[in-house]
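*Asks:* I'd like to go over a predicted model; first the sequence, then the structure.
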Amino acid sequence: MTNEPPTQRSARIERKESRAVAIRFCGDSGDGMQLVGTRFTDSSSVFGNDFATLPDYPSEIRAPAGSLVGVSGFQINFSSEQIHTPGDLLDALVAMNPAALKKNHKDLALGGIVVANEDAFTEANLQKAGMHSNPLVDGSLHEYRVVAIPMEKLTLQAAQAHGLNQRDALRCKNFFALGVMCWLYERPLEPIAHWIQEKLAANKSLAGANTAALKAGWNYCDTVELFQHGYRVAKAAIPPGRYRKITGNEALAMGLVTAARLAGKRLFYGSYPITPASAILETLAGMGHLGVRTFQAEDEIAAITSAIGASFAGDCAATGTSGPGLALKTEAIGLAVSTELPLVIIDVQRCGPSTGLPTKTEQSDYFQAVMGRNGECPVAVLAAASPADCFDMAMEAMRIAVEYMTPVILLADGYLGNGSEPWRIPNTADLPRFRIEHLIKTEDGEPFKPYKRNERGSRPWVLPGTEGMEHRIGGLEKQNITGVVNQDPANHQLMVNLRAQKIANIADSIPDLQVEGNTDGDVLVLGWGSTYGSITTAVKRLTEEGRPIAHAHLHYLNPMPSNTGDVLSRYKTVLIPELNTGQLLLKIRGEFLVDAQGINKVEGRPFLVAEIEAGIRKAMQGEWK
Amino acid sequence: MTSNTVNSNLKPSAFTSDQEIRWCPGCGNYAILAQVKKVLADLNIPRRNIVFVSGIGCSSRFPYYLDTYGFHGIHGRALPIATGIKLARPDLSVWVVTGDGDGLSIGGNHLLHAIRRNIDINILLFNNRIYGLTKGQYSPTSEQGKKTKTSPHGVIDYPLRALSVAIGAEATFAARSVDIDHTHLSMVLHRAALHKGTSFVEIYQNCRIFNDGAFTYATDKSVRDDHRLILQNGQPLVFGKNNNKGIVLRDSEPQIVDLNGRYSASDLLVHDERTQEPTLAYMLSRMYYPDFPEPMGVFRAVARPCYNEQLDKFSVPVPMPQEIDHALEALYASGEVWEVAG
């Protein structure tokens, strides 16, 4: 093998320009598809494309090899223009075995490329995938361009010099596949090779074999005329600055620590591992040097109650979970509402009910977040719209929690948590900050009154250790102002009203609902959370077609921006796409008496742009000619 | 942060809050409250640096009656609340007051985990073997056969032994006392407060209304000496009205012997609260009335690093906020970073 960098060697190859390309790596959950998908993304980011990713993996860590349930996929959409979704139809699919091909080929565009690991299409594997003949040769894939490569044989040859046993050498085949895809789309290999050297520094033979497999994949394409031509996706015109790739879960962790640190506070994060939120705890566990204290609790209830304790003691406190965990935390959220302590609760939603589909995405915890507690128990609820937006919304959640002395639920979902996009690295000097005031004495030596409110309706945050301010709080109803336990009927009515008013007051501190497109007219598409990308793209297409359509996206679900009702009233039709059966829809219809209609799906996957587009067209049937 | 070493010279009455106490007349909780105030005064910790945390139940009203910082939580969750407080503020003296229902039933899981982590807090579990606040249902420590509102044919559950649970979770400090034995209770509470790590104290507490006399065998002066065994470190296990009985180990099991005949004190099992293996302490926790005298005092007191100290080895204090936070900026720039030129 030559030492010449492969990217230069292939300059002679004809490359076709493409604006945007969507590809998916899929194989067994043990094949390392998430790993090579992530490496391909890193390489694309360094190259300068805009991108969005969607990992799709089973809940079993190692399902039976070759089985349909064990198929794991990683999708990336990369572009020379701004994009907001991981892509609808695939331009190319890497299938490491028959099961992966069977489960994924229907997402491939007509004429799309199948890159198959020919060696895995054995009789036994075909049988495991429930196939009666080999699709690589039986003509059933005639609508696609099939490129079959003996990846295992070639990987073994490439790895030969590095002294691994056959089993370990075979494991490098994912990097061979990655090499093939890097050639096809002109991705630089250097960032990947660098990553291998760094991560596998302790195992020189493994590092060497994986690097060799990667290069072998590239060189094989360069030598053998497998493809008619390669592709080129030019750099995207993105605003200048320093960028990195960020997943939603990373952004949530960074947003929390940033908010706390810029306020001069420690972050306390109490959590219990749960898919797909565990990565937040894992990320924060390594941030002790930034003053973070993480606590892996014995259960979801201990996770939130420890955070409530830490908040009482003066930390910026947060907990994170997914739907089933939020259900377990319900009573404790009520305690934080009653004690009026700041707390951020992140819910990375997944499909329910019950255990549901743990690794698949859904927006079905809206009701649970906004309404799911005993008693009159309002909390602030926010929703992040994209992986990078998770950073801003985590900071915003902490600001509201502290300024209004309230628990704040921040909704993300599996797609946002695991998905990634470029993130423009901020300068800390430019980031928003909030002040934290701890009352340390009363006026004129009066006795301390824990429930005496300020102009926002918030009670004072007094920390243990403060002389002369000793006080007791709890979940029993308390007398207005003094905080003394109280069962008087009129007082209870007053306290319910005051707590509701405080949450309503948050609307004074949040931005108006923005409209993209016409500020009045035929159709408003109202979304929240992770549907942002698909809605934006669908609305853009229809706008280009000349349709009178606009998009507004709620980042604040409770309270909603003050102008929400006004915005809704300006359109003839309001459509609400949600990955549930119509939860925000019910709220909007009930609160604003608007005859809104839903576009809904609960299939464990984000909306395709085409699905939103079709939903809008269907709703407008008869009105749009 | 404020120092805990300031001599505050407080009297027990200084810990009395302005709240009217709402326990039933004659409740064992009054006696416990009095001893807790006395011990707090003796400890010389400023009131501002003390936090009492509770769950739900009669015992859990406790924080309202002390003029310290206090947190009345939800049912069973006092321990994780206290854990969060202690982890956030290791300088505070953190106490948990719980009961047999709150601590062993709905909050049983938290009890195991707080104890195994050895978080530096004091846990006082008031055991009255009944649900008082909900008016008389059986609890996880109610004896078999007991007739209550929810066990009209007698309890068929086997009772949980609080100290066996605590010692099974490797409590570094485990002790038992009883509400009306002021001197003994005060001694045990004082030692619990001074212990570094989780201190677990079971306090037998009489419920006048729903389970009156549950502990008469261990409190009535005419019979108690035959039914309880006062533990003293390094001393043989002797009990009885005239110190005339003792405990020997036979076939790995405790056995009562008479000291008047064949046996003398030197034949008896000797209490050692500092032995690292919890076997002896566990065995003591399995001795109960009427087959055995019930041990009172410190079962186990061993040294082991606390969770909160170890956590702070990895977590550094946060500096005053700065315009530019270089540590955060380094965090953002971890991983692959690329530049897009203007």
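*Replies:* Yep, it's here.

*Asks:* and the closest residue to residue B:271 other than its chain neighbours, what are its phi and psi?
*Replies:* For residue B:271, ignoring the flanking residues on the chain, the nearest one in space by Cβ to Cβ, 6 or more residues apart in numbering or on different chains is residue B:231 at 5.2 Å. Just so you know, the C-beta spots here come from the backbone N, C-alpha and C atoms, and that holds for glycine as well. Main-chain torsions, residue B:231, degrees, to the nearest 10: phi -80, psi 130.

*Asks:* surely residue B:231 meets residue B:295?
*Replies:* Yes - between residue B:231 and residue B:295 there is a contact under Cβ atoms under 8 Å: 5.2 Å.

*Asks:* what about those two, which has more around it?
*Replies:* For residue B:231 and residue B:295, the more surrounded residue by other Cβ atoms under 10 Å in any protein chain shown is residue B:295, and the numbers stand at 25 against 20.

*Asks:* surely that one meets residue B:287?
*Replies:* Yes - here residue B:295 reaches residue B:287: they are 6.1 Å apart, a contact under Cβ under 8 Å.

*Asks:* where do the contact lists of the two overlap?
*Replies:* When contacts are counted by Cβ atoms under 8 Å, 6 or more residues apart in numbering or on different chains, the set common to residue B:295 and residue B:287 consists of residue B:229.

*Asks:* which residues does residue 125 contact?
*Replies:* Reading this off chain A. Going by Cβ under 8 Å, 6+ apart, residue A:125 touches A:66, A:97, A:98, A:99.

*Asks:* I was thinking of chain B, sorry if that wasn't clear
*Replies:* B:98, B:99, B:100, B:103, B:104, B:162, B:200, B:201, B:202, B:203.

*Asks:* against residue B:82, how distant is the first one?
*Replies:* Residue B:98 is 10 Å from residue B:82, where distance means Cβ to Cβ, to the nearest Å.

*Asks:* quick one: contacts for residue A:274?
*Replies:* If you count contacts by Cβ under 8 Å, 6+ apart, then residue A:274 has A:300, A:321, A:322, A:324, A:325 around it.

*Asks:* please read the previous query as pertaining to residue A:528.
*Replies:* Shown here is residue A:528, whose contacts under the criterion Cβ under 8 Å, 6+ apart are A:363, A:366, A:383, A:385, A:553, A:554, A:555, A:557, A:578, A:584.

*Asks:* and the next element down the chain from the helix or strand where the last one lies?
*Replies:* Think residue A:584. Secondary structure from DSSP states H and E places residue A:584 in helix A:583-592. Heading C-terminal from helix A:583-592, the first helix or strand you meet, by DSSP H and E, is strand A:597-600.

*Asks:* okay, now the sheet partners of that next one, with direction.
*Replies:* Its sheet considered, strand A:597-600 pairs with strand A:571-578 (parallel) by DSSP bridges.

*Asks:* gap between the residue minimising distance to the centre of chain A and chain B?
*Replies:* In chain A, the centroid-proximal residue (Cα atoms, centre = their mean) is residue A:416; its distance is 1.1 Å. In this structure, residue A:416 lies at 18 Å from chain B, with Cβ to the nearest Cβ, to the nearest Å as the measure.

*Asks:* residues contacting that residue?
*Replies:* With contacts defined as Cβ under 8 Å, 6+ apart, residue A:416 is in contact with A:248, A:348, A:361, A:384, A:386, A:387, A:390, A:529, A:530.

*Asks:* kindly report the same for residue B:282.
*Replies:* Listed by Cβ under 8 Å, 6+ apart, the contact partners of residue B:282 are B:164, B:167, B:168.

*Asks:* so which of those residues sit within helices?
*Replies:* B:164, B:167, B:168 (DSSP state H).

*Asks:* most neighbours out of the contacts of residue B:282, which is it?
*Replies:* For the contacts of residue B:282, the largest neighbour count, defined by other Cβ under 10 Å, is 24 neighbours, found at residue B:167.

*Asks:* isn't that one up against residue B:280?
*Replies:* No - in this structure, residue B:167 is not within contact of residue B:280 by Cβ under 8 Å, at 9.6 Å.

*Asks:* low-confidence stretches in chain B?
*Replies:* Across chain B, the ranges flagged by pLDDT under 70 are B:1-8, B:342.

*Asks:* how does it look with 80?
*Replies:* Along chain B, the parts satisfying pLDDT under 80 run over B:1-9, B:341-342.

*Asks:* just the strands in it please.
*Replies:* The residue ranges that make up the strands of chain B, judged by DSSP state E, are B:50-54, B:69-72, B:93-99, B:122-127, B:173-178, B:199-204, B:228-230, B:238-239, B:245-250, B:253-258, B:294-301, B:337-340.

*Asks:* a markdown table for those strands, including distance to residue A:188?
*Replies:* Supplementary listing: the strands of chain B in a markdown table, determined by distance: least, Cβ to Cβ, whole Å:
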| stretch | distance to residue A:188 |
| --- | --- |
| strand B:50-54 | 56 |
| strand B:69-72 | 56 |
| strand B:93-99 | 55 |
| strand B:122-127 | 59 |
| strand B:173-178 | 61 |
| strand B:199-204 | 60 |
| strand B:228-230 | 77 |
| strand B:238-239 | 81 |
| strand B:245-250 | 74 |
| strand B:253-258 | 74 |
| strand B:294-301 | 63 |
| strand B:337-340 | 11 |
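
*Asks:* what parts of the stretch 1-150 of chain A come near chain B?
*Replies:* Of all the residues in the stretch 1-150 of chain A, those in contact range of chain B (Cβ under 8 Å from any Cβ of the partner chain) are A:42, A:45, A:46, A:48.

*Asks:* mind listing what's buried in stretch A:196-209?
*Replies:* Within stretch A:196-209, the residues scored as buried using 16 or more other Cβ atoms under 10 Å in any protein chain shown are A:196, A:200, A:206, A:207, A:208, A:209.

*Asks:* between the two ends of it, how far is it?
*Replies:* Distance across stretch A:196-209, first residue to last, is 10 Å (Cα to Cα, to the nearest Å).

*Asks:* who touches it?
*Replies:* When contacts are taken as Cβ under 8 Å, 6+ apart, the neighbours of stretch A:196-209 outside the stretch itself are A:158-159, A:161-164, A:168-169, A:172, A:175, A:210-211, A:214.

*Asks:* apply 6 Å and report the result again.
*Replies:* The contact list for stretch A:196-209, computed with Cβ atoms under 6 Å, 6 or more residues apart in numbering or on different chains, reads A:159, A:162, A:163, A:164, A:169, A:172, A:210, A:211.

*Asks:* with stretch A:247-263 instead?
*Replies:* Residues from elsewhere that reach stretch A:247-263 (Cβ under 6 Å, 6+ apart): A:267, A:279-280, A:283-284, A:287, A:290, A:292, A:316, A:318, A:346, A:387-388, A:390-391, A:394-395, A:398, A:412, A:416-417, A:420, A:433, A:436, B:318, B:321, B:328.
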